[in-house]
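Novice: could you work out the structure for the sequence below:
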Amino acid sequence: MEYRDAGVDREGGYRVVEGIRRAVESTHDERVLNGLGGFGALYRLGDYREPILVSGTDGVGTKLQLAAAYDYLEGVGQDCVAMCVNDILCHGAEPLFFLDYVAYADLSPAEVSRIVIGVAQGCEEAGCALVGGESAQMPGTYQSGDFDLAGFALGVVEKGRMLDGRAVRGGDVLVGFDSSGLHSNGFSLVRAMIDSGELDPERDFQGQPLWRRLLEPTRIYSKALRPLLEAGLIHGLAHITGGGLYENVPRMWGGVENSSELCAVIEERQLAVPPIFALIQSTGVARDEMLRTFNMGVGMVAAAAEEDLEPLLTETRRRGLSARELGRIERGRETVCIV
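Specialist: Residues are numbered from 1 along each chain as shown. Model prediction:
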């Protein structure tokens, strides 16, 4: 018996490495000191006075099952990068490098390569290097056609520019930055709707099959927002993921002394909810459930001083990202009020 007889294609793994090499190395700059094939990645940190390292890890969740069903594997790589990089951005960090982990039963080398090339493209969009990763063929752990994808990001921020919640205060304005769609949250509910027949993924929706709109890759915000962070225009940032606005906005000041007195008051009419969410809600999902499950068109929320609102909005739009005022930070007993 050989390894191949047990379900592991060793030669296929070698072909994956060669298939992704060019895409991976295109994300490297002079700070990456070695290429693919080492036991670890070597990275030169650069010139910082008081560097604070910021790390994050995340996956893509059950969005992967819909992507596999429709053979749209490239987009989930960007999803993986975005979920990690957007998180560390909330502490003001510049993303330095990224590692990915793909586990599967019987994907072909070409399919694994498509996933990892998508990760590399996400890294280019984020401005970070893809320095390594792991692809693990695990028959028996995963069923035929199944796979999982996770990522790990490391970033750095000068201590004096770090976002830790202390700068957020009553009177700050809240600014929402548009999402590109569902991002990578709420797909267990979406898939249940598809299974029950409440959503037809094959139907036409805004000129595309609905499944393609559902699988729109998660937006990466680092290139658009880091200049605003460096200019001191942002007091706090929240990445709107699972739990929606209710759970994620308070995380920008969570754990800080007196933070229990802060309340984010968001005007619902300011959300400009995209049609994809209206379609999901039309199947009978309650408003509160929508707000606690999906981003509702807002991928990131910033807190800023009122006098910085117009410069922030102007600069954001100049960088090609739509943004709008959502509300205010006030004093109150509830952490988030959507009115």
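Novice: report pLDDT for residue 46.
Specialist: According to the prediction, residue 46 has pLDDT 86.
Novice: which secondary element of the protein has the worst mean pLDDT?
Specialist: Lowest on mean pLDDT, DSSP states H and E among the helices and strands of the chain sits helix 10-25, with a mean of 80.
Novice: list the helices and strands the helix or strand just after that helix packs on?
Specialist: Note on helix 10-25: by DSSP states H and E, the next helix or strand toward the C-terminus is strand 51-59. Contacts defined by 3 or more CB pairs under 8 Å, 6 or more residues apart in numbering; DSSP states H and E place strand 51-59 against helix 74-89, strand 147-158. In short, each C-beta sits where N, CA and C put it, glycine included.
Novice: what would the ones you listed look like in CSV with mean neighbour count and distance to residue 221?
Specialist: Below are those laid out as CSV (neighbours: other CB atoms under 10 Å; distance: least, CB to CB, whole Å):
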stretch, mean neighbour count, distance to residue 221
helix 74-89, 27, 6
strand 147-158, 22, 13
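Novice: list the beta-bridge partners for the residue nearest to residue 55 when sequence neighbours are not counted.
Specialist: In this structure, residue 55 finds its nearest non-sequential neighbour in residue 154, 5.2 Å apart by CB to CB, 6 or more residues apart in numbering. Per DSSP bridges, residues listed as beta-bridge partners of residue 154: residue 55, residue 97.
Novice: and residue 154, how close does it get to residue 184?
Specialist: Residue 154 sits 20 Å away from residue 184, going by CB to CB, to the nearest Å.
Novice: that older thread, is it possible to export the helices and strands packed on strand 51-59 to a markdown table including distance to residue 203 and mean pLDDT?
Specialist: Converted to a markdown table, these look like this (distance: least, CB to CB, whole Å; pLDDT from 0 to 100):
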| stretch | distance to residue 203 | mean pLDDT |
| --- | --- | --- |
| helix 74-89 | 20 | 97 |
| strand 147-158 | 26 | 98 |
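Novice: okay, these in TSV with distance to residue 95 next?
Specialist: Output for the helices and strands packed on strand 51-59, formatted as TSV (distance: least, CB to CB, whole Å):
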stretch	distance to residue 95
helix 74-89	5
strand 147-158	5
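Novice: could you measure the residue nearest to the spatial centre of the chain against residue 188, distance?
Specialist: With distances taken as CA atoms, centre = their mean, the residue of the chain nearest its centroid is residue 83 (2.4 Å). Using CB to CB, residue 83 is found at 16 Å from residue 188.
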